[in-house]
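>>> Dropping a prediction and its sequence here:
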4 protein chains.
Amino acid sequence: MNEKVFRDPVHNYITVNHPVIYDLINSKEFQRLRRVKQVSTTVFTFHGAEHSRFSHCLGVYEIARRVTEIFDAKFPEIWDSNENLLTMVAALLHDVGHGAYSHTFEKLFDTDHEAITQEIITSPDTEVNAILRRVSPDFPEKVASVINHTYHNKQVVQLISSQIDCDRMDYLLRDSYYSGARYGQFDLTRILRVIRPTADGIVFEYNGMHAVEDYIVSRFQMYMQVYFHPASRAMEVLLQNLLKRAKYLYHIDSHFFEKTSPNLIPFLANQASLADYLSLDDGVMNTYFQAWMAAEDDILADLASRFVNRKVFKSVTFEEESRKDLSHLVELVKSVGFDPDYYTGIHVNFDLPYDIYRPEKKEPRTEINMIQKDGSVVELSTISPIVKTLTGTIYGDRRFYFPKEMLSDDDLFAHTKKEFMSYISNDHFVSPN
Amino acid sequence: MNEKVFRDPVHNYITVNHPVIYDLINSKEFQRLRRVKQVSTTVFTFHGAEHSRFSHCLGVYEIARRVTEIFDAKFPEIWDSNENLLTMVAALLHDVGHGAYSHTFEKLFDTDHEAITQEIITSPDTEVNAILRRVSPDFPEKVASVINHTYHNKQVVQLISSQIDCDRMDYLLRDSYYSGARYGQFDLTRILRVIRPTADGIVFEYNGMHAVEDYIVSRFQMYMQVYFHPASRAMEVLLQNLLKRAKYLYHIDSHFFEKTSPNLIPFLANQASLADYLSLDDGVMNTYFQAWMAAEDDILADLASRFVNRKVFKSVTFEEESRKDLSHLVELVKSVGFDPDYYTGIHVNFDLPYDIYRPEKKEPRTEINMIQKDGSVVELSTISPIVKTLTGTIYGDRRFYFPKEMLSDDDLFAHTKKEFMSYISNDHFVSPN
Amino acid sequence: MNEKVFRDPVHNYITVNHPVIYDLINSKEFQRLRRVKQVSTTVFTFHGAEHSRFSHCLGVYEIARRVTEIFDAKFPEIWDSNENLLTMVAALLHDVGHGAYSHTFEKLFDTDHEAITQEIITSPDTEVNAILRRVSPDFPEKVASVINHTYHNKQVVQLISSQIDCDRMDYLLRDSYYSGARYGQFDLTRILRVIRPTADGIVFEYNGMHAVEDYIVSRFQMYMQVYFHPASRAMEVLLQNLLKRAKYLYHIDSHFFEKTSPNLIPFLANQASLADYLSLDDGVMNTYFQAWMAAEDDILADLASRFVNRKVFKSVTFEEESRKDLSHLVELVKSVGFDPDYYTGIHVNFDLPYDIYRPEKKEPRTEINMIQKDGSVVELSTISPIVKTLTGTIYGDRRFYFPKEMLSDDDLFAHTKKEFMSYISNDHFVSPN
Amino acid sequence: MNEKVFRDPVHNYITVNHPVIYDLINSKEFQRLRRVKQVSTTVFTFHGAEHSRFSHCLGVYEIARRVTEIFDAKFPEIWDSNENLLTMVAALLHDVGHGAYSHTFEKLFDTDHEAITQEIITSPDTEVNAILRRVSPDFPEKVASVINHTYHNKQVVQLISSQIDCDRMDYLLRDSYYSGARYGQFDLTRILRVIRPTADGIVFEYNGMHAVEDYIVSRFQMYMQVYFHPASRAMEVLLQNLLKRAKYLYHIDSHFFEKTSPNLIPFLANQASLADYLSLDDGVMNTYFQAWMAAEDDILADLASRFVNRKVFKSVTFEEESRKDLSHLVELVKSVGFDPDYYTGIHVNFDLPYDIYRPEKKEPRTEINMIQKDGSVVELSTISPIVKTLTGTIYGDRRFYFPKEMLSDDDLFAHTKKEFMSYISNDHFVSPN
């Protein structure tokens, strides 16, 4: 086929040389990703981060394509070029099952975007599957096995999913570019220069250590600065409470939801199919929330309005050992008239920036290895003190969310609110004892 | 108030020092802009350009804020600092009336986003209006008058709307940044260094000529390369035909639309209010189109599906004098079974990159003047040969759109399609005579 | 050989795969380019533009390398891969004969950097030549013939030297990057996507027209804004006058120059060899100028000091028809005590941004052609109105330079200086009649 | 005065509003900095890093100017605007005493660029001093006291010299921009948003922690990746040996040096004045080295030629405990005919990325403090685990340098060289026991 290109602000050009890739991009399941934002509620804090999963998936594909091109040219004896298409397809489709506000949605409706990704790939009902079957009857299963880490060739698996994979590399660069928070920038070109296949996976040349280290630090900083931003998590808590209220009300008045939010019914009724899932996207969900703003139920209407119009909850951090004392705050929120089930929330965010391989763990991580001139390998954290610090330790915080109204003491409830505020110092919850 | 900042990938930081600005940003009418894409169908060609009018409006505000800050510091005797807030507010709100797929929507439903912008500002029913009235009772009208060019102070008017205004400067930089098509980049910092108020408007220092010239060329190139891209216009033609079909069907079967697309009814029924307009956004419209894919009407269902899944029409350019001969193509499209009312379209896109002031015209343009050391001014095109070329001349093309199916001659209709293709050379329509 | 890379801020990495290239870079004639600035006196205006011809030559090579890689992959039937090395070598060495302050130096000492480039390549005394002869005995001559445009394969010649060649593409990007004047940025990646070899040269795909247009405009703007900057030309005039004075004095007192500036003697004595030429660089020349600051001759000492310490002359533009009237200004400069032979100067700078092929000209230009889908070509200016404007027309200005002292009227000569200033309006010379 | 601007690729524009600053920039001592490279021998590895100390000093000034502007606007009650000029002048002049290849030069000739900086400022013989005295008679002393840390106002001192000062911020950004090694990029704008004066120094707002952390990591990475690069240090060792040889020979044959390198004589003779020092720059030194290539002394001529033509020594890392065993290598170098005094060298490079205040140390560091909402401060490493890792620990390596010839075993000395190589594994020295 004639080479096709997509202009991309992150990778400049995304190049497509294979008709299977081109057709997958044009499939309806993949086009749907245009209607799902990559960073969900983060866009409420970083207004620039309006990019979709469509852009991200193209980017992951492009990185995978470049890697296979490099492996073909530089390591023909250890990299099997027959894996090129599989690698690129898996990269392109690794997130095809993501839906609207996936994270929160999954918690409330017990869906799983990874399982759905595999279903889209293997179900005979999808356009994606039909395209993949053109390659070979078992190709859909092979793609799915790469994504669920069971494929025999660990080189391919690690390119798609490991502590330094095409997915993470694209989302750091992309979320950074779009949000304007530059922390996520790292030297992709250098990493592509030092990446190498080995018999049982992927390694990096020793002299590329600082580029890999920088990538780990970039990822850490994006988590701390962008993904864990308190305001975005406030919107997540709000969304969670909103959907919880909807679930509760559905059992009382299903008619309202049938009228205002038809595609959500299968989920409220707990009997959703793949097609039902694919019928939802950010726009559909937001359309429903806008309709809910006119609900008779005050809580549903108010929460919907807060979400649609971005009225964020406020928050304080707290220590695990003070968790039980949050009941004081909850009581105070309640005493000024807010139902704490829907107007407060706890949001705990921790990330393990990097870890070595720990076979005793349920899902042991593939560690990052650096290869020396004589062929021996050393694990990254043994040569980078910075990475060592980030190894095996989780970073993040716990936050208690509540209505902003609790912080203005100019009304009837001034006394209560003053008490509320007395528990807060430097945005941190100070336990009464 | 405490200074607030928004991280922005184009301007780095957007700074808010005035509570009126902060409250306007948080108003529901302004938050709605998060749900309206800045470049409408262009995102179907440049997938990265997923930014909203919200981001753009913040950007226009930020440029205006910087200009007023500079004018305050450098030209206190000729710039009235009392105009600062008015300028910033007008910049922020200049596009607040934009809706989903505005361009196409306006053609079909006879709305006007500029009129709606003014209505949002002056109607006592909006949050925006209530915030503006806090400044002074006549402030909303003042803001509206800046936007409709009738405000007495031409400095302010020209900053918001002229051939080199804050609006255009932001959208060039932003659309360029997000699309990845670098043509729109120009030297904003230098332009801010040479911009100056005069008694009756805005001028630029003579030695900044090349920066202004570069801005004009950037704008020209963005139109030619990005805004007029044939594939985006294909989506616009498709959308137009889709909405045309919906209007037609509504008079036959209103029930279907009441069920699938309630917020569109007032427009289909031709009796829409401001609130109706504000209830629409990209997500709502797309939700409706997705529902229409299941319509009984084959044309509506097919066009909706083509739009949702991005199946673009193909096109050829044509000369005005060959327009009448397009009937040959239309006939051929019809003869293979497509209703040409809905499966073909003409899209004419021309832009006048720059013009001098021509008082005889209906809407004469404010020309760009450069001020010399001795205070005399010269009009830009008299000193820039490149701008001279772009002055008073429209650039663009005319395209005839048709289904992609017309270009594959491997079916029953091979003969017809071959005839169709015989009219095309280098993507241009060759008139049969 | 193992691939070697050089980190480069403009092209990210410069990749070397061929030992001949690597050895050429390490030759002493090529390393010498580290000591010669790329933009000569421009750095006195744009302080950031401190890069050397070494960096530029590596950049030209890198662009050439990418082009040959693309031609190999995409056009094997029309591009002969045996030309790869020749193309890359010619790109690398095209400027190897440049010396310190080449432009001015050549005028004063009648040298010619292009002739010297060829001499370095073909003389058996250079390291460069020895390396080239390893390829084949006639390889040095082949390289030289590419550089002097006589090589039979016009594809190679045009890549190295034409209106859109690797040389120009690198210097625009590089001078722009280092100076901070962004005008020189254009879309190199896109140009590399649309460049194609044909039977008799190089063309560009039709749909890349705007990228090529943008390159032409970028080049035009860099000339107008950076290369023709009045302050840089002031330093050139100063340098010219300084060297003129040295030549004059050498015939009176050669001893002073033998002591202070040994490597310049062969030039002052008009009997320089290639080795003499190669012994000069920016540092050597500046060392001499610093020594001249202590000369007994007041004019030499003063001009040297002005140059070393960057005391720029001031200037006015003038029209060709007023040239004769400049004598008025010269007289006034003289009457306050400056020898006008050394304290005034005329600097005329014009550039022809683009031209079509004009066989009647002495050195007709190779026009830029765009190839259409059906294989027919059209010349660039026929489809780009902007390029049309820049075609066959020279742009620039004429300036008369004089000591800054003429503009301060607070001394004994106040009356004379006031008269001097009366001839100037908006930095332009106003002829007395 | 009229605002003057310098186009700068790192800070976009450098703005000068005060005549003292403008005149200092135009002084001959400051213009001299154009002829001294910022990164000395690093440019032999990162060819793009050709920028001078002139550019860097302008950049440090610009950051200081922005800080004072911000402090004036935001903290008028705690920042004394009378300190603005002093701060900007100290920033501009902090490196004015740097000379050619300072580091190496100082070691060999016992000069001290910091002492010379102060001498230039306070000596009545300099243009710089004359300009400063225009402000007030004691202004030169005040400027010098800021630079030597004795000035009473610690706010000013810390802006010029501390673990996060204007100097470091500019050199990281600038060396990164010019070298193309992106590691040095950090978010200057954000740091300028969170920097604050306190009663006794400078602090940063707590919520800017990650920006400061990122700056510390960037600095660490620039040291590891760029400043400590083995090839640059090879050139430093070479230069050191070259100058050592010159010193040795001067006492035998002073005439040769008087003829070839007059400005170096005072240093060889150990009686240099400030004027002597200022007469040296990179160009002068390189001119001398080029002259030395024709010396009769083989070692001087060869080392000069290696330096001028960039023939780098090779190296191995070694552990402190193996240092004594390097004698084996030295012997082998000697046995193939190289004088080890001039053809080998040890280069130890360690940096302490960050430290807390340790009053027991000779030169205790000013720690970086973050201020919380309630006004209390916390030291950076207590809240950033990454910074904690870099606190109080030195990073770097020890290298043994030797001629590249030791690594090619294809000659008479093959046996010796094989033995030499047997001590090396993964570029590391393996001690024989």
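Cool, got the structure.
>>> From the recorded domain assignment, give the ranges for chain A.
A:4-228, A:229-311 (automatic domain parsing).
>>> Mind putting those domains into TSV with mean pLDDT, mean neighbour count and distance to B:V157?
Yep, even glycine has a C-beta here, placed from its N, CA and C like the rest. Formatted as TSV, the domains of chain A follow (pLDDT from 0 to 100; neighbours: other Cβ atoms under 10 Å in any protein chain shown; distance: least, Cβ to Cβ, whole Å):
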stretch	mean pLDDT	mean neighbour count	distance to B:V157
domain A:4-228	96	20	28
domain A:229-311	97	19	31
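>>> Would you convert those into a markdown table that also reports distance to chain D?
As requested, these are exported to a markdown table (distance: least, Cβ to the nearest Cβ, whole Å):
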| stretch | distance to chain D |
| --- | --- |
| domain A:4-228 | 5 |
| domain A:229-311 | 10 |
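>>> Which residue ranges of the stretch 201-350 of chain A form strands?
Taking DSSP state E, counting those that start in this stretch, the strands of the stretch 201-350 of chain A run over residues A:201-205, A:314-317, A:345-351.
>>> Which neighbouring elements make contact with the longest one?
Using 3 or more Cβ pairs under 8 Å, 6 or more residues apart in numbering or on different chains; DSSP states H and E as the contact criterion, the neighbours of strand A:345-351 among helices and strands are helix A:230-250, strand A:395-402.
>>> quick revisit: quick one, which of the strands of the stretch 201-350 of chain A is nearest to D:D95?
D:D95 sits nearest to strand A:201-205 of all the strands of the stretch 201-350 of chain A, at 36.6 Å, using Cβ to Cβ.
>>> Sheet partners, orientation included, of that closest one?
strand A:195-198 (antiparallel), strand A:369-371 (parallel) (DSSP bridges).
>>> export those to a markdown table and tack on distance to C:R310?
Listed next are these as a markdown table, based on distance: least, Cβ to Cβ, whole Å:
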| stretch | distance to C:R310 |
| --- | --- |
| strand A:195-198 | 48 |
| strand A:369-371 | 49 |
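>>> right, so of those strands, which gets closest to C:G337?
Closest among these, using Cβ to Cβ: strand A:195-198, at 69.8 Å.
>>> Pull the residues that contact that closest one.
Residues outside strand A:195-198 that contact it (Cβ atoms under 8 Å, 6 or more residues apart in numbering or on different chains) are A:67, A:70-71, A:74-75, A:78-79, A:155, A:202-205, A:371, A:377.
>>> could the domains of chain A go into JSON lines alongside distance to D:Y401?
Listed next are the domains of chain A as JSON lines, based on distance: least, Cβ to Cβ, whole Å:
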{"stretch": "domain A:4-228", "distance to D:Y401": "18"}
{"stretch": "domain A:229-311", "distance to D:Y401": "49"}
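>>> Of all those, which one is nearest D:A414?
The nearest among the domains of chain A, by Cβ to Cβ, is domain A:4-228 at 28.1 Å.
>>> end to end, how far does the closest one reach?
37 Å (Cα to Cα, to the nearest Å).
>>> returning to that earlier point: out of the helices and strands packed on strand A:345-351, which gets nearest to C:M209?
helix A:230-250 (43.5 Å).
>>> So the closest one, near chain B or not?
No. On the criterion Cβ under 8 Å from any Cβ of the partner chain, helix A:230-250 is out of touch with chain B, staying 11.3 Å away.
>>> Pull up the gap between the closest residue to chain C within the stretch 1-150 of chain A and A:L188, please.
At 5.4 Å from chain C, A:N12 is the closest residue in the stretch 1-150 of chain A, using Cβ to the nearest Cβ. A:N12 sits 11 Å away from A:L188, taking Cβ to Cβ, to the nearest Å as the criterion.
>>> So which bits of chain A are right by chain B?
Checking chain A against chain B by Cβ under 8 Å from any Cβ, the hits are A:6-10, A:12, A:26, A:28, A:31, A:34-35, A:43, A:46-48, A:50-52, A:54-55, A:58, A:177-181, A:279, A:281-284, A:286-287, A:290, A:308-311.
>>> contacting residues around A:M88?
Applying Cβ under 8 Å, 6+ apart, the residues contacting A:M88 are A:H18, A:I21, A:Y61, A:A64, A:R65, A:T68.
>>> about what we covered before: adding distance to chain C, write the helices and strands packed on strand A:345-351 out as a markdown table.
Output for the helices and strands packed on strand A:345-351, formatted as a markdown table (distance: least, Cβ to the nearest Cβ, whole Å):
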| stretch | distance to chain C |
| --- | --- |
| helix A:230-250 | 33 |
| strand A:395-402 | 32 |
